[in-house]
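Participant: Could you look at this predicted model? Sequence included:
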Amino acid sequence: MFSSVYSAAILGMEVVPVQVEADVSDGLPMFSMVGYVNSQVKETQDRVRTALHNKKLGLPPKRITVNLAPGDVRKEGTGYDLPVALAILTALGRIPEKNLEGVMVVGELGLDGKIKGVWGILPIVHKAREAGYHTCMVPRENEQEGQLIGGIRVVGVDDLQKAVEWLRQDHPRQEGMQEELAEDISSVSDTDHGELDFRDIRGQEGAVRATLIAAAGMHNLLYIGSPGSGKSMLAQRLPGILPPLTREERLEITKIYSIAGSLSKERPVISQRPFRSPHHTISAQALAGGGRSPRPGEITLAHRGVLFMDEFPEFSRRSLEILRQPLEERCIHISRVQGVYTFPADCVLVAAMNPCACGHYPDLDRCRCTPAQVQRYLGKISGPLLDRLDLCVETREPTYEQITGGGESISSARLRGEVMRVQKIQQERYRETKIQFNSQLEGSDVDIYCPMTRGARQWMERIYTGQHLSPRSYHKMLKVSRTIADLDGAETITDAHILEAFGYRVMERKYL
């Protein structure tokens with residue numbers, strides 16, 4: 001007899017429905033699996049056979065053939081165990097075939113028949129709803145994650161026998177189910193940022209101002225300063241002044257973490273903007289994503305949040321240069337024999353570095369590096385990569401009075417209010433376009449949305465000619481100027497805005 005059950009394959013960020021077909025016929029007893037499966041999936045037959053035996057659902061001595069269609073999509077992972085077992089039992093007549101119509105099944109089987117959790121449940125359930133399935137059967141361990149998607153019944157099972165019993169019963173399709181995201185994913189507070197507050201920052205008014213500009217326009221930022229001057233503290237507090245995630249952004253980010261297998265079992269939803277801080281020994285593949293079957297890298301895990309790269313020059317040259325394309329296009333394309341996988345990478349890059357290997361250049365009284373060593377250290381950052389960093393600011397060591405509490409520091413709550421005000425201005429300005437933030441303006445958009453006064457134009461011409469700016473640097477300066485003007489509530493960019501934006505390029509040229 002023949003039967004089929006639907007499951008799913010994850011290819012990068014895409015989910016492809018997979019039809020698990022089972023045929024049980026007379027002949028030499030054997031169990032074979034076809035359909036472009038890897039060795040991991042071929043092991044399914046041993047797990048299924050043993051699990052069915054231990055649950056007193058043993059297989060008869062017949063010829064069993066399982067096909068995973070479509071055949072041109074590579075199948076990987078352990079999530080096909082449960083659908084294969086159910087397809088075989090249906091072919092044997094132990095489950096009514098009509099009860100599997102409109103049902104998508106995913107799950108790994110243990111040898112004792114227990115059903116174990118798998119990764120990628122959230123995008124699979126979302127795809128099932130979009131494709132018109134009315135029920136998704138998932139491991140009990142992943143049930144809470146799957147229920148974040150509304151508009152579809154999610155059944156969590158932890159045992160093969162219980163899954164069979166549930167499918168033997170008639171379960172009418174639920175009508176009137178909500179078609180939007182489940183309430184859980186939209187009701188979680190995003191205002192809890194722990195104890196990290198900009199009030200802790202002392203004597204870094206210029207760096208705090210640059211951080212505010214970066215957050216308001218979602219610009220990439222580079223801190224340069226001596227060790228212990230506050231670079232990491234500034235970066236760690238940046239997510240706390242970004243606006244809360246929208247419901248759609250939470251779903252988008254949670255999908256990424258589900259595919260990466262990084263969701264918490266207790267609270268399987270990402271409610272705060274990601275902050276990723278990889279060590280400088282990270283490989284280029286781990287940073288950008290990859291592998292034989294590509295998985296999200298750090299730059300994708302930082303999507304809609306902050307990617308902080310401390311000790312910037314210590315990263316390998318290959319890791320740094322691989323950032324150039326995703327920083328420009330806000331996504332990353334990974335090519336494999338099976339096809340091209342696209343991962344989102346729309347994040348704020350915050351980099352931090354010392355001015356030299358010992359960290360004290362240009363203070364020649366304390367710096368122990370030779371000019372050649374300083375040049376070699378700073379030369380690790382290429383010009384094209386530097387061009388993609390919108391702002392560069394120096395962090396100075398605070399004075400004793402500042403570090404012991406002298407003066408009042410601005411709070412994260414106040415900065416967050418400024419950021420939200422400016423981003424609301426941008427949303428209104430770009431409401432008829434796909435643009436969200438000033439940093440996303442393209443060449444032609446800059447001419448439309450960055451009007452300058454006559455004085456600002458004169459200064460811009462003088463800077464472009466005198467400093468030999470590249471066209472990319474020119475546009476970066478204008479986009480930063482647009483954000484500074486928005487902070488001032490100005491419709492037109494003035495010479496003061498241009499000069500402040502240029503100040504963040506001057507600091508870069510001082511060192512690099």
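Facilitator: Cool, got the structure.
Participant: pull the helix or strand with minimum mean pLDDT from the chain.
Facilitator: helix 184-187 (a mean of 52; mean pLDDT, DSSP states H and E).
Participant: Which residue ranges make up the domains of the chain?
Facilitator: Domain segmentation of the chain under automatic domain parsing yields 2-168, 198-431, 441-512.
Participant: Would you format those as a markdown table with mean pLDDT and mean neighbour count included?
Facilitator: In short, each C-beta sits where N, CA and C put it, glycine included. What follows is the domains of the chain, written out as a markdown table (pLDDT from 0 to 100; neighbours: other CB atoms under 10 Å):
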| stretch | mean pLDDT | mean neighbour count |
| --- | --- | --- |
| domain 2-168 | 94 | 19 |
| domain 198-431 | 92 | 19 |
| domain 441-512 | 91 | 17 |
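Participant: So which residues of the stretch 51-200 of the chain form strands?
Facilitator: 63-69, 103-105, 108-109, 115-116, 135-139, 153-157 (DSSP state E, counting those that start in this stretch).
Participant: Using PDB, write out every CA atom in the longest one.
Facilitator: If I follow you right, that is strand 63-69. Provided in PDB are the C-alpha atoms of strand 63-69 (Å, rounded to 0.1, in the frame of the first residue of the first chain):
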ATOM      1  CA  ARG A  63       9.600  -4.400   1.200                       C
ATOM      2  CA  ILE A  64       9.400  -0.800   2.400                       C
ATOM      3  CA  THR A  65      10.400   2.100   0.200                       C
ATOM      4  CA  VAL A  66      10.400   5.700   1.400                       C
ATOM      5  CA  ASN A  67      10.800   8.600  -0.900                       C
ATOM      6  CA  LEU A  68      11.300  12.300   0.100                       C
ATOM      7  CA  ALA A  69      10.000  14.500  -2.700                       C
END
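Participant: what helices or strands is it leaning on?
Facilitator: strand 14-25, strand 30-34, helix 81-91 (3 or more CB pairs under 8 Å, 6 or more residues apart in numbering; DSSP states H and E).
Participant: Each with direction, which strands does that strand pair with?
Facilitator: Strand 63-69 pairs in its sheet with strand 14-25 (antiparallel), strand 30-34 (parallel), by DSSP bridges.
Participant: if we look at the shortest one, which residues are touching it?
Facilitator: Contacts of strand 30-34 with the rest of the structure, by CB atoms under 8 Å, 6 or more residues apart in numbering, involve 41-42, 44-45, 49, 59, 63-68, 71, 84.
Participant: How about the longest one?
Facilitator: Surrounding strand 14-25, the residues in contact under the criterion CB under 8 Å, 6+ apart are 1-10, 60, 62-70, 73, 75, 80, 83-84, 87-88, 90-92, 104-105, 120, 123-124, 126-128, 131, 341.
Participant: Now do it: distance to the chain's middle.
Facilitator: 30 Å (CA atoms, centre = their mean, to the nearest Å).
Participant: what do you get for the last one?
Facilitator: Its chain's C-alpha centre and that of strand 30-34 lie 38 Å apart, by CA atoms, centre = their mean.
Participant: which residues of the stretch 201-350 of the chain fall in helices?
Facilitator: 205-217, 231-237, 247-259, 284-288, 298-301, 317-321, 324-329 (DSSP state H, counting those that start in this stretch).
Participant: between these, which one is nearest to Gly503?
Facilitator: Closest approach to Gly503 among the helices of the stretch 201-350 of the chain (CB to CB): helix 205-217, 8.8 Å.
Participant: What lies in contact with the helix or strand hosting Gly417?
Facilitator: Here Gly417 sits within helix 412-429, counting by DSSP states H and E. By CB under 8 Å, 6+ apart, the surrounding residues in contact with helix 412-429 are 193, 196-199, 208, 211-212, 215-217, 237, 240-243, 435-438, 449, 483, 486-487.
Participant: what about 7 Å?
Facilitator: Residues from elsewhere that reach helix 412-429, judged by CB atoms under 7 Å, 6 or more residues apart in numbering: 193, 197-198, 212, 215-216, 237, 240-243, 436-438, 449, 483, 486-487.
Participant: Pull the residues that contact the helix or strand following that helix.
Facilitator: Using DSSP H and E, the helix or strand that follows helix 412-429 in sequence is helix 443-449. For helix 443-449, the external contacting residues (CB under 7 Å, 6+ apart) are 429, 435, 441, 475, 478-479, 482.
Participant: quick one: Glu328 from Ser316, how far?
Facilitator: 20 Å (CB to CB, to the nearest Å).
Participant: ditto for Gly58
Facilitator: In terms of CB to CB, Gly58 sits 54 Å off from Ser316.
Participant: Go ahead and confirm Met350 touches Met233.
Facilitator: Quick fix: residue 350 is Val, not Met. No: assessed by CB atoms under 7 Å, Val350 is found out of contact with Met233, at 11.8 Å.
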